[in-house]
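Colleague: no sequence for this one, just the structure:
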């Protein structure tokens, strides 16, 4: 991992932009239901208004977080070919001798079987590592290890 902005993969970028569009639409719908003036009604109406205000605040927080991540990704350099980080392509050799090339990303993608998320056991073990390093990570079957063969190739 770097001390600066983390790169963002094209797939993660698309997913975040889609989520942002959906959140903005939802926010618009919720905001349209809030009253501008003091509400007139019973306690249930007041409770409903408070819930919508809470929903609006939650949506605003998530929108701000996505916008910040998109800004960070835009400012980030290309993934390192020396140290594993988000966006890196890494070749690893497992204990059984098999090798696999994986992509370290932020968001799971069922269409990319080579993707490991940065918060998965293997993905988090790889972050900050270099070619030649051995990583240990947990699996349902117990601890496993792998050697980083190359980064960025």
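Modeller: Here it is on my side, so go on. From a predicted model like this one, the values you see are computed outputs, not experimental measurements.

Colleague: Near residue 89, how many other residues are there?
Modeller: Counted with other CB atoms under 10 Å, residues neighbouring residue 89 total 16. The way it works is simple: take the backbone N, C-alpha and C, and place the C-beta from them, glycine included.

Colleague: so what does the helix or strand hosting residue 149 touch, helix or strand wise?
Modeller: Using DSSP states H and E, residue 149 sits within strand 142-151. Applying 3 or more CB pairs under 8 Å, 6 or more residues apart in numbering; DSSP states H and E, one finds that strand 142-151 contacts strand 89-94, helix 121-126, strand 134-139.

Colleague: Residue 46 is nearest to which of these?
Modeller: helix 121-126 (44.9 Å; CB to CB).

Colleague: mind listing what residue 131 touches?
Modeller: Neighbour list for residue 131: 148, 149, 150, 151 [criterion: CB atoms under 8 Å, 6 or more residues apart in numbering].

Colleague: May I have the phi/psi pair for it?
Modeller: Taking degrees, to the nearest 10, you get phi -60, psi 130 for the backbone angles of residue 131.
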